[in-house]
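Undergrad: Quick one: sequence plus predicted model below, questions after.
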Number of protein chains: 2
Amino acid sequence: MNLEKLFKPKSIAVVGVSKKNPLSPGRIVLLKNEFEMDVKVYGIYPNGGEVEGVALYERLDKLPEIPDLLVIAVGPDDTLGYIQECADLGIPASVIIGGGFAEVGGEGVKRQKKLEEIAFDNDIAVLGPNCLGVYAPPTVDTIFLPTERITRPPKGSVALISQSGGFLVDQFFVKFAERNIGVSTAVSIGNRAVVDESMLLEYFSKVDKETSNIAFYLEGFKEGKAKKFAQLAKESDDTVIVFYGGKTKEGKIATKSHTASLAGNYNIIYNALRQNYVIQPHSERELLTCLKVYDVLSHRRNPFGKNVVTFGNVVIVSGSGGHGVIASDMLRKYGLNAVQLTEKEKDELKSLTSPTAREIASFNNPIDLTGSVLDTDIENVVRFLSDIERIECIILLILPYPPNISFQVGRRIANVVLTKRKPLVCFMPYIPKYSLIIDSLELANIPVFHSIKETVQAVSALKERTRIRNIKQGNVFWEQRS
Amino acid sequence: MNLEKLFKPKSIAVVGVSKKNPLSPGRIVLLKNEFEMDVKVYGIYPNGGEVEGVALYERLDKLPEIPDLLVIAVGPDDTLGYIQECADLGIPASVIIGGGFAEVGGEGVKRQKKLEEIAFDNDIAVLGPNCLGVYAPPTVDTIFLPTERITRPPKGSVALISQSGGFLVDQFFVKFAERNIGVSTAVSIGNRAVVDESMLLEYFSKVDKETSNIAFYLEGFKEGKAKKFAQLAKESDDTVIVFYGGKTKEGKIATKSHTASLAGNYNIIYNALRQNYVIQPHSERELLTCLKVYDVLSHRRNPFGKNVVTFGNVVIVSGSGGHGVIASDMLRKYGLNAVQLTEKEKDELKSLTSPTAREIASFNNPIDLTGSVLDTDIENVVRFLSDIERIECIILLILPYPPNISFQVGRRIANVVLTKRKPLVCFMPYIPKYSLIIDSLELANIPVFHSIKETVQAVSALKERTRIRNIKQGNVFWEQRS
């Protein structure tokens, strides 16, 4: 089944456009694509006319061309009629927004069977029913939330496929934007009657060139498809990430009412996916953290070049002793090791530091430069550590409060990283008035996190990605992550 | 030792004021207190004069009065001289900002011994050395960071005492402000040569009336004082919270360079504190989460009245099935139970919901009102659940994106909570354009969190506080937290 028409249609048609209700899903989709996206759009309305200046056509067979994609936002029985029309007219793809299928049981199950029959018999790539559809900029957007309700993330390498529309919106359109995670496509799969997670994994792995990180929120695999998914993940050159809902007894009960998924035994699933090189964050935040660093690595301007984190050997540099202690406390849990500095290295570090800070700073790992730190101290220390080969990654905890830290500190650090290419991940508290510092780091693609935990998690995610890359490429010198 | 002069001095004097360097700690403290705080301030400078219009005095014995507090921001040897002057003149309290004492070893250790001798012999409440001192609004502020570098949290019930100045500033002045956690006092104890964590616990428990939540960041207890601390915690009517740095081998190594603390065996400390009814968050975020809910409970306008969470029996209400699943997955880990709703209750809930949402919503626990939810659906469901006695707390996951959710939804929920007084904790993603909704909840003291995990943690923190309250009051019907 060819999914390209779902994500890169040249033209789309929308049925279920209301002339009276500006919040009707069909109308929102019609106008969003007309005014905001790069695609030819046709609206369908029984007696034609127009809405906000956009002409409406009476029937699908009256359109000036056969559209690539039909967005259906009507009741369940009419939906089946429209899918039959797709078959009759040769429309190759459809997004079904409405519900009333398998998720309601009884008649709905029969309806969904019928839908599947028509779609598979006629090779129509149907997304849904009961979904938000796709957001594939700059071409198409079937997410029927009003534009002013959401924000939009920057372009990048991450595709997110979700069994929950709410999760998709909250992550993709809000948290990805907030965290500056670059994205390619969002897909809400709903009941996944036809197009399912495995087909999407295959499409994004093999066809879509923009995506190199494929992330899923799943509450279970489509029946009989778990093995196929695992096999595709194993073969994929992209990084595959699965965040799983329904891990516990309580969660499983919840998935049953939500997507009627049988979440299965999480431990078995976890191990099977891990063997097949799927990255599995344990929380929403960890998902965001790993997508953020993986997007950076996929970037043309990846600041770390070919340098990778293989063993998790890190050094922590902080402007606050307490922050250094808190970060150190997390290292082992995340499979990381504190590199021991030699006495010679400590002496050199000391000599590179300004006289006031030097006297009270500590040059063990964590290196605590104290509140007397200057911009140049951070710069010099990071440059020196970048040349020590056994350090794979620098965890830099920046506190912007000391009086001698200036707004230039971000650029100073960025310049060192862009020259030395040593992996470096930053913690800096998010405070609007200091956002200039954060911006100058992020403009250089250096990932900045706003909690110590996420910063440590990010380095762990870098290590996990190297492990998987190494196995996929047949290199087996890595250490097992604890 | 009387600590009141440290926190509520009528007058203070500052030594170590630079006329040339506007960023010198002494000068910042002098001018901050002169211009921003409600205290009489005197600056000391060898040949008098003035700085930014504030008169300077040549010596302490030339001041028009004996100040209650002396802030010392000079080198270590001069510091000892000034402490001797405190003794001679009868100045009852001092904050020593500078370092060069026990933390540098050798001569420093001797200096600190001498300092302790003078202070204890003359009953001078000395804070530090090597600390930021105190912020006790509206009276006194010795935190020598320029005002424009930090933000300030609202007044409230939380005192934070920290062995790390950096941690104190990052939490108290930034994250507390950001999360709207109400505070009473911040204390940086530095080397805690004289005033230590136990003395402060006693002061805030027994003397200070504004504080009812006493939180600590510690990297170890002062030698021989751990038992005393535990005993005081047990006797305290306030809620005592300890966040511990140096839990792991890596963390312990870090504390040694930072505060020379011997962190000790964390498991032993954890259990001893738990037996003595100290609340111990596992992460920075968990610390913030529990302080936020405890501050609400301490508030005159506590929206939950006398209702408490004893067994952790909750119901989850969500506008997104995925969010409901993710929250459900966390319940057990945090010692919470999903309340089973009866068929009758589900039917009633269904009948209270608008026709469109009703058809696709799910009324199990989690209740999923879907993206078709209206403001009134949330209001009606929350009101109905509030009357079910076996539900102790409602976890409400609000997604503001659905087209029919309006900015009034916050007030609607607040009105129900303020009438019914059922504990309710909200998740809502933080997006500036929706902050009006968050504000209307927080104005009613309903805690709002921006991650699902923190929301679940908050309910767990409410349960933990009830457990401790019950033991302290001799009620022993609680269930053990898993």
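TA: It's in.
Undergrad: how many other residues sit next to the residue of the stretch 301-450 of chain A at minimum distance from chain B?
TA: Closest residue of the stretch 301-450 of chain A to chain B, CB to the nearest CB: A:Ser320 (2.1 Å). For every residue, glycine as well, the C-beta is placed using N, CA and C. Using other CB atoms under 10 Å in any protein chain shown, A:Ser320 has 27 other residues around it.
Undergrad: And the residue of the stretch 51-200 of chain A closest to chain B?
TA: Chain B sits closest to A:Gly166 of the stretch 51-200 of chain A, with a gap of 2.1 Å, by CB to the nearest CB.
Undergrad: how about the nearest residue to that residue, chain neighbours excluded?
TA: Leaving aside its sequence neighbours, A:Gly166 sits nearest to B:Ser320 (CB to CB, 6 or more residues apart in numbering or on different chains; 2.1 Å).
Undergrad: need the helices for the stretch 301-450 of chain A, in chain order.
TA: Secondary structure of the stretch 301-450 of chain A, counting by DSSP state H, counting those that start in this stretch: helices at A:321-331, A:343-351, A:355-360, A:375-386, A:409-420, A:435-442.
Undergrad: just how off-centre is the fourth one within its chain?
TA: Centroid separation for helix A:375-386 versus its chain: 32 Å, with CA atoms, centre = their mean, to the nearest Å.
Undergrad: Okay, angle between that helix and helix A:343-351 too, please.
TA: Orientation check (axes from the mean of the first three to the mean of the last three CA atoms, to 10 degrees): helix A:375-386 against helix A:343-351 gives 160 degrees.
Undergrad: hey, where'd the strands end up in the stretch 251-400 of chain A?
TA: A:313-318, A:337-338, A:367-368, A:393-397 (DSSP state E, counting those that start in this stretch).
Undergrad: can you list those in CSV and add mean neighbour count?
TA: Converted to CSV, the strands of the stretch 251-400 of chain A look like this (neighbours: other CB atoms under 10 Å in any protein chain shown):
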stretch, mean neighbour count
strand A:313-318, 26
strand A:337-338, 19
strand A:367-368, 28
strand A:393-397, 26
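Undergrad: a markdown table please, covering the ones you listed and showing distance to chain B and mean pLDDT.
TA: As requested, the strands of the stretch 251-400 of chain A are exported to a markdown table (distance: least, CB to the nearest CB, whole Å; pLDDT from 0 to 100):
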| stretch | distance to chain B | mean pLDDT |
| --- | --- | --- |
| strand A:313-318 | 8 | 98 |
| strand A:337-338 | 5 | 97 |
| strand A:367-368 | 6 | 96 |
| strand A:393-397 | 9 | 98 |
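Undergrad: export the ones you listed to CSV and tack on distance to B:Met428?
TA: What follows is the strands of the stretch 251-400 of chain A, written out as CSV (distance: least, CB to CB, whole Å):
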stretch, distance to B:Met428
strand A:313-318, 32
strand A:337-338, 38
strand A:367-368, 37
strand A:393-397, 29
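Undergrad: hmm, back to that, my guess is the residue of the stretch 51-200 of chain A closest to chain B meets B:Gly321, correct?
TA: Yes - judged on CB atoms under 8 Å, A:Gly166 makes contact with B:Gly321 at a distance of 6.5 Å.
Undergrad: Of the two, which one has the most company?
TA: B:Gly321 (29 against 25).
Undergrad: For that one, which non-adjacent residue is spatially closest?
TA: A:His258 (3.4 Å).
Undergrad: ok, now which ones touch that neighbour?
TA: By CB atoms under 8 Å, 6 or more residues apart in numbering or on different chains, A:His258 lies in contact with A:Ser164, A:Glu219, B:Gly321, B:Gly322, B:Gly324, B:Val325, B:Ser362, B:Asp368.
Undergrad: The fifth one contacts A:Lys256, correct?
TA: Just to be clear, that refers to B:Gly324. No - using CB under 8 Å, B:Gly324 is not in contact with A:Lys256; the gap is 11.4 Å.
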